[in-house]
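> give the three-dimensional model of this entry:
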Amino acid sequence: MTMLVLEDGRVFTGDAYGACGETIGEAVFCTAMTGYQETLTDPSYHRQVVVMTAPHIGNTGMNDTDDESGHIWVAGYVVRDPARLPSSWRSTDSLAARLTAHGVVGISGVDTRALTRHLRERGAMRVGISSSETDPLALLARVRAAPVMSGSSLAAEVSTTKAYTVSAVGVRRARVAALDLGLKATTPQRLAERGVETVVLPAASTLHDLLSINPDGVFYSNGPGDPATADHQVALLREVLDRRIPFFGICLGNQLFGRALGLATYKLRYGHRGINQPVMDLTTGKVEVTAHNHGFAVEAPLDATISTPYGAARVSHVCLNDDVVEGLELSGADGRLRAFSVQYHPEAAAGPHDADYLFDRFLALMSRTDTVPPRPSDAGGRSGSDNRHRFARRPGPSTSEPPPPPAPNPMSLEEWRDRPDPEAGGLDGATPGVDGTGRRSDEGARLVARRRTPQGPGRPCTVQTVDAGRAVDAGGEVEG
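The predicted model follows:
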């Protein structure tokens, strides 16, 4: 028998999966149904025990091409129903065999739904998995003695130790200095596809190291740990902004960009991890489905311009689940974009690719142009490298009055059948329904109920939308 013990004393039992032994880390859950190989090899998961919410994991095995690094970084792995045999022409190994080879301790046969509900209600916490310990109290004592994620500086533990170059595909159009804080292999590949040569530098690199390669732009990668500990990288980024070098940051890079601008960061209650997170671009009002892996976020006003020593900054993207800041933009006195970042992963090897256009935006910024590539169109759905058209960057939303609501759409027969009951109020007293014209009202068009979901200590409660056709139990979970 293998047991899993959370720091609050809750115990789950199951079967050993992967290597036998014991491991301790921060318990987090990932809602992705695919891309588990990319998850396992993502350096941002360093010192975390990942709980997969999808019940069937390992169906496609493991291959030799999808790794995001040369190492499996998760501290432990929790699945409900692992595949007995992989089924994919690309598979070269089973997931269980790969975990065993890398010494990753895991557990299967766990009620991951119950475990995920527990983490949602009580927040991410330390956890231990052991196939050798028989006394849960003894394991609990070791779990509680382990370091917490807040205050942990981990980027140096996953960063490259020496610089290397990823060459551009075809004609080189720009050179980027990328600070490796936990860089995923797909990121420089996405830049290379656009003719960008990427020089990857260690996390401890100095300004001299960075400027010596004469970069057209600077990139900060994703990575693990508490952004409040990365003082060196924040000071370096301020030097970059002082010199007006174009900048693009992802995930941890977004948090460090926020700190460089004078903003604070905080730990989310349970974070965002998965490949199905809805994010709104506040510049256009369009929504992207995005890949996330972060337990910290930037504290910033969503509807105001922020004055900084480097220019005017504002929030550019926000998560629709809980209003967490998902992107920042910095403009100069002339109103032109100088630097930007996003909290999510536009490279997303396992998908989705809605945010792939951000690499084109970075190239345009380094080319000193006033144009950026468009978002995926409503009609064509094009994005990323498929989108070769460009248009002038639109001004941000006014801070004095909200943007107008979207126009209502006629209801189809299917929508009519699935419409919410006009007599039944929403969970916060709202009444979604249909107005007298046969068209959905602004509330009815959303077809949602609402509940309040805070995502951090001291954070105001925010609105999360759920399918109005389902019930929400007392614990805040959607029942199918």
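
> quick one: residues contacting residue 228.
By C-beta atoms under 8 Å, 6 or more residues apart in numbering, the contact list for residue 228 reads 151, 259, 265. From N, CA and C alone the C-beta is placed, and that goes for glycine too.

> cool, and residue 184?
Applying C-beta under 8 Å, 6+ apart to residue 184 gives the contacts 38, 42, 43, 44, 68, 69, 221, 222, 345, 347, 349.

> apply 6 Å and report the result again.
With contacts defined as C-beta atoms under 6 Å, 6 or more residues apart in numbering, residue 184 is in contact with 42, 68.

> before we move on, what about residue 327?
316, 317, 342.

> quickly list what the last one is bridged to.
Beta bridges link residue 342 to residue 250, residue 327, judged by DSSP bridges.

> state the pLDDT value of it.
We have a pLDDT of 97 for residue 342.

> distance of it relative to residue 270?
Per C-beta to C-beta, to the nearest Å, residue 342 is found 20 Å from residue 270.

> the two: which is more packed in?
residue 342 (26 against 20; other C-beta atoms under 10 Å).

> show me the contacts for that one.
Applying C-beta under 6 Å, 6+ apart, the residues contacting residue 342 are 254, 317, 327.

> what do you get for residue 61?
Residue 61 touches 86, 88, 91, 94, counting by C-beta under 6 Å, 6+ apart.

> for residue 107, see how far away the first one is.
Residue 86 sits 20 Å away from residue 107, going by C-beta to C-beta.

> for the last one, same thing?
Counting by C-beta to C-beta, the separation of residue 94 from residue 107 is 17 Å.

> who's more crowded, these two?
Counted by other C-beta under 10 Å, residue 94 and residue 107 do not tie: residue 107 has more neighbours, with 28 against 17.

> tell me the secondary structure at the more buried one.
Secondary structure, DSSP: H, G, I helix; E, B strand; the rest coil: residue 107 is strand.

> correct me if wrong: it contacts residue 12.
No - between residue 107 and residue 12 there is no contact under C-beta atoms under 6 Å: 7.6 Å.

> overlap of the contact sets of those two?
Here residue 107 and residue 12 have residue 4 as joint contacts, going by C-beta under 6 Å, 6+ apart.

> quick one, what contacts residue 182?
Counted by C-beta under 6 Å, 6+ apart, residue 182 has contacts 43, 44, 158, 222, 223, 224.

> excluding its backbone neighbours, what's nearest it?
Leaving aside its sequence neighbours, residue 182 sits nearest to residue 223 (C-beta to C-beta, 6 or more residues apart in numbering; 3.0 Å).

> buried members of the contacts of residue 61 into ChimeraX, please.
Those of the contacts of residue 61 that count as buried under 16 or more other C-beta atoms under 10 Å are selected in ChimeraX with:
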select :86,91,94
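
> farthest pair within the contacts of residue 61?
Largest separation among these by C-beta to C-beta: 88 and 94, giving 10.7 Å.

> in the host helix or strand of residue 16, what's buried?
Per DSSP states H and E: residue 16 is located in strand 11-18. For strand 11-18, a neighbour-count test (16+ other C-beta under 10 Å) marks 12, 14, 16, 17, 18 as buried.

> and stretch 63-73, by the same measure?
Those buried within stretch 63-73 under the rule 16+ other C-beta under 10 Å are 63, 66, 67, 68, 69, 72, 73.

> list the contacts for the second one?
If I follow you right, that is residue 66. Listed by C-beta under 6 Å, 6+ apart, the contact partners of residue 66 are residue 37.

> could you do the fourth one as well?
Residues touching residue 68, when contacts are defined by C-beta under 6 Å, 6+ apart, comprise 38, 41, 42, 184, 185.

> straight-line length of stretch 332-346, end to end?
Taking C-alpha to C-alpha, to the nearest Å, the first and last residues of stretch 332-346 lie 25 Å apart.

> for that stretch, list every residue counted as buried.
In stretch 332-346, counting by 16+ other C-beta under 10 Å, buried: 337, 338, 339, 340, 341, 342, 343, 344, 345, 346.

> SS state for the second one?
This points to residue 338. Following three-state DSSP, the label given to residue 338 is strand.

> my read is that it contacts residue 329, right?
No - Residue 338 is beyond contact range of residue 329, at 8.6 Å (criterion: C-beta under 6 Å).

> what stretches of the chain score poorly on pLDDT?
Scanning the chain for pLDDT under 70 picks out 369-480.

> columns secondary structure and distance to residue 217 on top of the contacts of residue 61, output as a markdown table?
Listed next are the contacts of residue 61 as a markdown table, based on DSSP: H, G, I helix; E, B strand; the rest coil; distance: C-beta to C-beta, whole Å:
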| residue | secondary structure | distance to residue 217 |
| --- | --- | --- |
| 86 | coil | 40 |
| 88 | coil | 37 |
| 91 | coil | 38 |
| 94 | coil | 41 |
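
> dump the contacts of residue 61 to TSV, plus distance to residue 133.
Listed next are the contacts of residue 61 as TSV, based on distance: C-beta to C-beta, whole Å:
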residue	distance to residue 133
86	30
88	35
91	33
94	26
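
> from the contacts of residue 61, which is closest to residue 278?
Closest approach to residue 278 among the contacts of residue 61 (C-beta to C-beta): residue 88, at 29.0 Å.

> next up, the contacts around the residue nearest the centre of the chain.
Centroid-nearest residue in the chain: residue 292, 1.8 Å away (criterion: C-alpha atoms, centre = their mean). Taking C-beta under 6 Å, 6+ apart as the criterion, residue 292 is in contact with 272, 273, 277, 344.

> any idea which of those has the most stuff around it?
In the contacts of residue 292, the most neighbours by other C-beta under 10 Å go to residue 344, 28 neighbours.

> how much space separates it from residue 327?
8 Å.

> what about the helices in this structure?
36-40, 95-101, 112-122, 136-145, 155-158, 186-192, 207-211, 231-242, 252-260, 357-366, 413-417, 442-446 (DSSP state H).

> chain center to the first one: distance?
Taking C-alpha atoms, centre = their mean, to the nearest Å, one finds the center of helix 36-40 at 14 Å from the center of the full chain.

> the longest one now?
Here the centre of helix 231-242 is set off from its chain's centre by 23 Å, with C-alpha atoms, centre = their mean.

> hmm, who's touching that helix?
By C-beta under 6 Å, 6+ apart, helix 231-242 touches 207, 218, 247, 256, 259, 260, 310.

> quick revisit: nearest to residue 304, of the buried residues of stretch 63-73?
Proximity of those to residue 304 was ranked by C-beta to C-beta; the top entry is residue 68 with 36.1 Å.
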